[in-house]
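>>> let me see the structure of the following:
(chains A, B and C)
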Amino acid sequence: MTKNKFSLRRAVNNMNLVRFRFWFQIVAFALIVYGGYIGLDLGDKLPTFACVFNSEGTGGKCYVGELQHDLKHPLEGFVGFAGYAFLISLGMFAVWFWALNKGWCGFVCPLGTMQDWLTMVREKTKIRYSEYSWANRGKIKSIKYILLILLLLLPVMIANSVFGLPKLPNGLSMPFCDICPGRMMIPAFTGDFNQFYIDFSSKTDIVMTTIGMIMTGLFLVGSFIKKRFFCYFCPMAALQYVFSKPALLKLYKDGSKCTKCGDCYRACDMDILEIADDVTSKNLVTEDCTLCLKCVAACPEDGCLEANFMGATIFESTKEGFLVRMAMDQNKENHAH
Amino acid sequence: MHTEHTIETSAERQNRHKAMEAIAVLNSLKEDFKSPIRSMGYFYDLFEKVYCHHQPLHEGKAKIGTMCIQIPSEIIYALDAVPIRLCNGFYTDDEIGGDLLPQKSCPLVKATVGWFASDNFSDKPDITFSPTTCDQKTKAGAIIESFGHTVIDVGFPRTKESEESRHYWRESVKSFAVKLSKFQGKKLTRSNLESAIKKVGYAQSLYHKLTEFRKNKAVPILGVDMFLVTNAFFFDKIDEWISAVEKLVSELEQRANDGVNVAGKASPRIVYTGSPPIFPNYKIPLIIEQSDAIIVADETCSSNRMFNDMVAVDEWNLYDMIDSVSDKYLKACTCPIFTQNDDRIRRIIQLVRSYSGDGVIYQAFAGCQVYEMEQRSVLAAMEREGIPILYIESDYSPSQHGQLTTRVEAFIESLKNRKRMKK
Amino acid sequence: MKKVVLVLVTLLISLWADTLWLDEAKKKKCCEVKQGSVPMKELSVKSGNLQENKKLKNLSGSVLYIRDMDGKIEEHNLSGSKITFTPQYKGNYHLFLKHQEVVDGVLNVQLSTHRLYNKEGNLSCSWTKEVRGKTSDSRYLSEPLSQLPFQLMMEKTIHKHHVNCCLYVGDIIPLKVYYKGELLKDVPVDVELESGWKNTIKPNDKGMMMVEVPKSTYEQEKGDKKRSEKLLVSATYDVNESGVYDGKSYTSVHYAMSIPLSFGDTPLEYESKTLAFATVIGVMLVFSLGLYYNRRRKRKTPKEIYFDEE
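Alright, predicted model coming up:
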């Protein structure tokens, strides 16, 4: 029995996710990188990279920068206004984050959008993408947690003497901002290339800004050749994953319907094995997941994967949707060979 | 007085015997069941044409023989050839092969080897690719080669969870594609592979539409008819198969709207799993359906498994399309040749749940080591889920008919009793 | 005779050159704020020039306008010699001082402005602001204040580095002069440093003055980034207007406004842009070449490519 009547649910499940995501990302990119010009100000606790160095155009500030700033206090100051301010900041970050869960990475983050654009360019040039072997992928998972711990610890160690160690130089004050490729790339989209410099004022500055330049080079080539290269190392992803369990937007899998065909794994930019091979868990937002929903779009079984917002299914995998997206729902004329 | 004696050649006798087997099954299909389907006429005629009159179908095109479903047919279609699946269901060929293979071998492999030995094809394959799936098919490749046919081995892994096995299979498919394109003298391009993938995908989607009807309470099509339709895909021209199935789908839609039921109201719904019933070896499915039950779903490589899993491509460029094709044939495969069989058990349970099956019939060929060995775990799993299951062994010989009928009828009776008691 | 003239002239000049500005008292470590209470800001008004100045002892008659980051303006009448106020929120506050006095039939209106950044606010008042997290703080005004008849306004600096916290050597400060809300295009601006260096800048045809923060003439210690120096920017304007103020009549008005600023050494004393771009491009090249050679090495039979990318 074919359902020929129009239903909203059917239209959503059949949608071309790639195109929807492309336009959503462009709008989000415009708001975050150029929003300041129209007076948009979303605050400084955003769970996505919105660079503060893009001072005129930015529509908000990324929380990682704020976090480093907040933590550069004498420890005594934390029992007082500074401590409360820190807790309020963290709370607001969590509230922003819970709206979209890791979807901030897949749909909003301008660095993610840049990487997706580079991937589109590579696809047009027909260059094959690279993949990590499973062993290597396991090894690099911990890098983002190490970066997160460093960026939390270094500002505290500048203002305080931790474990009797001497205080760190002020040049390490925004350690992650120095090495983040966003600081170089996001202002570049407003025509400001002033962040590309190596600072010879002190040894710390030389090292940190050089690492920043190396990171930018790696970011550009890495994202060209590997889908979403930078997201494996992003400390924002590590910080977000800590708060991920109670979030509102979730990715659910019904393992009994799964045939382990691996189509979802093929589509996944982050090469998450669990999405295909795990048939027992229900919540499949893993630490690397960017909730880009490509897996849901690539699943050919009815109701196996779904994107769920506050208990209501908003987008699920259907056979019909799969056929429409892969253009296998009609018999096309033979191409002349 | 002269009498013209013409002594039949062995080839002619073989053809005659095969035609007899084929026509017996076809007549049974046409006449023994109520509410025949008009669109099935195409398929009955097709089988009659090929197996009774031995008409060649694919003149002028390169015919690529495949010994198992794991050889990607998308690549073969892309290189402008025709894939012909050589799994054989004839007792005649089984007898011929019985002299060449050990007594306890799988009848399907014996029949295939016998066919090659007799070299009596209406559409003879120019080259055969044999994936190293089960033991018997693996060894049969060399035996067939000794008869003078061209056989190329394609390495297939026996595990599918590890990274190495998946890489191995991808490399295997790539080298298969290189060898085939050298043989054809054609190149694999982005556009021809893309259209081949989409065409096979469309054919698969038609099968999905067909099986959707079998979920209804009033099933409009017989299980054996479905087996016939899917068997036709082994050797038919794909475009004609597609248009015939499209007509079948629209007729079934009509029948479903009218509430036509080819079985009785209380007929138990059976999920069939196990060794593939290949035309004309429809002994067990026919017994099941003649005993007032109906096969609503199956988990066999000659029917459901060919069409169930679809190829998903992320980037429509050659490097990704070839990897997608090879992944589909390995990862979702529930063939018992693999070391772990959790996927097969989950699949059977899923079929029982979504098609409202009342029982499972697990048929293994006598001599098929892998299906026989999996029997234990499948039976235990079904018991845990509370699904009744019958395990039977059979082969191609016509002598077992009485025994099998008794066992199947008893099982179906017990299913009917269960249903009555539930009410 | 020459000496007398000189003395008279210097007196006159010192009279005319009597600029007022707001000065923020720096907190000493011993007087750190107690926990729980909000720090109080203390300011005094100095008069003279940067080298020689004295605090004004009596501030009665002067008015202080405080503008917070939402644009709300509070008016306070001053008394005593100190200005104290307790900012409630964390962020930028703009203070404007207006001191009026009739001297010899001329109404002297002396104005000064000072921007104050408060690090810690009163939590119970300001937690909504914390939650909101303002991004673009009103460090610079976009419009002249209606309360001030004459205003020298600093616009956004054209900076070239970091999150803009402070003024650095080499920064260019754009200034505009407004009289009763209208832009004046012919009023020059005086700049003076603590060391005594002075300069006068004339406006361009659009009425904008660009002042470049000069390098200090003091001997600098390299690397001491926390050191800061004072810079005073002021402008004057005369208008023929008569009226009565505080019982005295006047025939002309003399406006003077000053902006006290502090600046530090530029943190990017030595920076190299070309080296940075070279590093980025070098890394990209090395990485790409490495990938390319790795792929070529892995491809075992490069000649047997029967695949055609179409």
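
>>> can you count the residues close to C:G170?
Number of residues near C:G170 (other Cβ atoms under 10 Å in any protein chain shown) recorded here: 17. In short, each C-beta sits where N, CA and C put it, glycine included.

>>> neighbours of C:N204, how many?
10.

>>> quick check: which element contains the closest residue to it other than its chain neighbours?
Leaving aside its sequence neighbours, C:N204 sits nearest to C:M210 (Cβ to Cβ, 6 or more residues apart in numbering or on different chains; 7.9 Å). Per DSSP states H and E, C:M210 falls inside strand C:208-212.

>>> low-confidence regions, the stretch 201-337 of chain A specifically.
Low-confidence segments of the stretch 201-337 of chain A (pLDDT under 70): A:332-337.

>>> no wait, the stretch 101-250 of chain C
Filtered on pLDDT under 70, the stretch 101-250 of chain C yields the residue ranges C:121, C:123, C:125-126, C:129-130, C:132-140, C:142, C:157-166, C:216-227.

>>> where along it do the strands fall?
With DSSP state E, counting those that start in this stretch as the definition, the stretch 101-250 of chain C shows strands at residue ranges C:106-118, C:150-154, C:167-168, C:172-179, C:182-184, C:189-193, C:198-201, C:208-212, C:228-239, C:243-245, C:248-250.

>>> got the contact list for the second one?
Spelled out, it's strand C:150-154. Residues outside strand C:150-154 that contact it (Cβ atoms under 8 Å, 6 or more residues apart in numbering or on different chains) are C:109, C:111, C:113, C:140-141, C:144-145, C:173-180, C:189, C:233-235, C:237, C:255, C:257-259.

>>> center of chain C - which residue?
With distances taken as Cα atoms, centre = their mean, the residue of chain C nearest its centroid is C:L261 (4.9 Å).

>>> beta-bridge partners for the residue lying closest to it once chain neighbours are set aside, please?
Taking Cβ to Cβ, 6+ apart as the measure, C:L261 lies nearest to C:L231, with 4.6 Å between them; neighbours along the chain are not counted. Counting by DSSP bridges, C:L231 is bridged to C:L193, C:L261.

>>> how far does stretch A:251-263 sit from the chain's center?
Chain-centre distance of stretch A:251-263: 24 Å, with Cα atoms, centre = their mean, to the nearest Å.

>>> CA atoms only: put it into PDB for me.
As requested, the backbone C-alpha atoms of stretch A:251-263 are provided in PDB (Å, rounded to 0.1, in the frame of the first residue of the first chain):
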ATOM      1  CA  LEU A 251      20.600  10.200  18.100                       C
ATOM      2  CA  TYR A 252      18.800   7.000  18.800                       C
ATOM      3  CA  LYS A 253      19.300   3.600  17.300                       C
ATOM      4  CA  ASP A 254      17.000   0.600  17.300                       C
ATOM      5  CA  GLY A 255      19.500  -2.300  17.200                       C
ATOM      6  CA  SER A 256      17.000  -5.000  16.400                       C
ATOM      7  CA  LYS A 257      16.300  -3.400  13.000                       C
ATOM      8  CA  CYS A 258      20.000  -3.000  12.200                       C
ATOM      9  CA  THR A 259      21.400  -5.300   9.500                       C
ATOM     10  CA  LYS A 260      24.900  -4.100  10.100                       C
ATOM     11  CA  CYS A 261      25.200  -3.200   6.500                       C
ATOM     12  CA  GLY A 262      27.600  -0.400   7.500                       C
ATOM     13  CA  ASP A 263      26.100   2.300   5.200                       C
END
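
>>> re earlier: can you say which of the strands of the stretch 101-250 of chain C is packed in most?
Per residue and on average, the most neighbours among the strands of the stretch 101-250 of chain C fall to strand C:150-154, with a mean of 23 (mean count of other Cβ atoms under 10 Å in any protein chain shown).

>>> after the host helix or strand of A:Q68 comes which helix or strand?
Take DSSP H and E as the rule and A:Q68 turns out to sit in helix A:63-70. The first helix or strand that comes after helix A:63-70 along the chain, using DSSP H and E, is helix A:81-100.

>>> report how far apart the opening and closing residues of stretch A:30-42 are.
13 Å (Cα to Cα, to the nearest Å).

>>> circling back: show me how far the strand holding C:M210 is from its chain's centre.
Worked out by Cα atoms, centre = their mean, strand C:208-212 lies 13 Å from the chain centre.

>>> and that strand, which strands flank it?
Partners of strand C:208-212, by DSSP bridges, with direction: strand C:172-179 (antiparallel).

>>> run the angle between the strand it pairs with and strand C:228-239 for me.
Relative orientation of strand C:172-179 with respect to strand C:228-239: 30 degrees, computed using axes from the mean of the first three to the mean of the last three Cα atoms, to 10 degrees.

>>> relative to strand C:189-193, how tilted is strand C:172-179?
130 degrees.

>>> ok, residues contacting the helix holding A:Q68?
For helix A:63-70, using Cβ under 8 Å, 6+ apart, the contacting residues are A:44-47, A:49, A:51-52, A:82, A:85-86, A:89, A:93, A:151-152, A:154-155, A:173-177, A:180, A:235-236, A:239, C:133.

>>> so which of the residues you listed are in helices?
Among the contacts of helix A:63-70, DSSP state H puts A:82, A:85-86, A:89, A:93, A:151-152, A:154-155, A:175-177, A:235-236, A:239 in helices.

>>> just among the residues you listed, which is most surrounded?
If you count neighbours using other Cβ under 10 Å, the busiest of the ones in helices among the contacts of helix A:63-70 is A:M236, which has 28 neighbours.

>>> re earlier: roughly how far does the residue nearest to C:L261 sit from A:T290?
49 Å (Cβ to Cβ, to the nearest Å).

>>> show me what contacts A:V33?
A:50, A:54, A:57-59, A:110, A:186, A:189-190.

>>> among those, find me the one that's closest to chain B.
Using Cβ to the nearest Cβ, A:P110 is the member of the contacts of A:V33 that sits closest to chain B, with 22.9 Å.

>>> shouldn't the closest one be in contact with A:T48?
Yes. Using Cβ atoms under 8 Å as the test, A:P110 is close enough to A:T48 to be in contact (7.4 Å).

>>> touching both of the two, which residues are there?
Residues touching both A:P110 and A:T48 comprise A:I32, with contact defined as Cβ under 8 Å, 6+ apart.

>>> quick check: closest non-adjacent residue to A:F315.
Setting aside the residues directly before and after it, A:F315 is nearest to A:A307 in space (Cβ to Cβ, 6+ apart), at 4.4 Å.

>>> who are the packing partners of the helix or strand where the one you found lies?
Under DSSP H and E, the secondary-structure element containing A:A307 is strand A:305-309. For strand A:305-309, the contact count by 3 or more Cβ pairs under 8 Å, 6 or more residues apart in numbering or on different chains; DSSP states H and E identifies strand A:249-253, helix A:294-298, strand A:312-316 as packing neighbours.

>>> list the contacts of the second one.
This means helix A:294-298. By Cβ under 8 Å, 6+ apart, the residues outside helix A:294-298 that reach it are A:17-18, A:251, A:263-269, A:275, A:305-307, A:315-317, A:321-322, A:325, B:312, B:314.

>>> of the residues you listed, just the buried ones, ChimeraX syntax please.
Restricted to the buried members of the contacts of helix A:294-298, where burial is judged by 16 or more other Cβ atoms under 10 Å in any protein chain shown, the ChimeraX selection command reads as follows:
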select /A:17,251,263,264,265,266,267,268,269,275,305,306,307,315,316,317,321,322,325 /B:312,314
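
>>> could you pick out the residues of the stretch 1-150 of chain A near chain C for me?
Applying Cβ under 8 Å from any Cβ of the partner chain, one finds that the stretch 1-150 of chain A approaches chain C through A:36, A:41-45, A:52-53, A:55, A:58, A:60-61, A:66, A:79-82, A:84-85, A:88-89, A:91-92, A:126, A:128, A:130.
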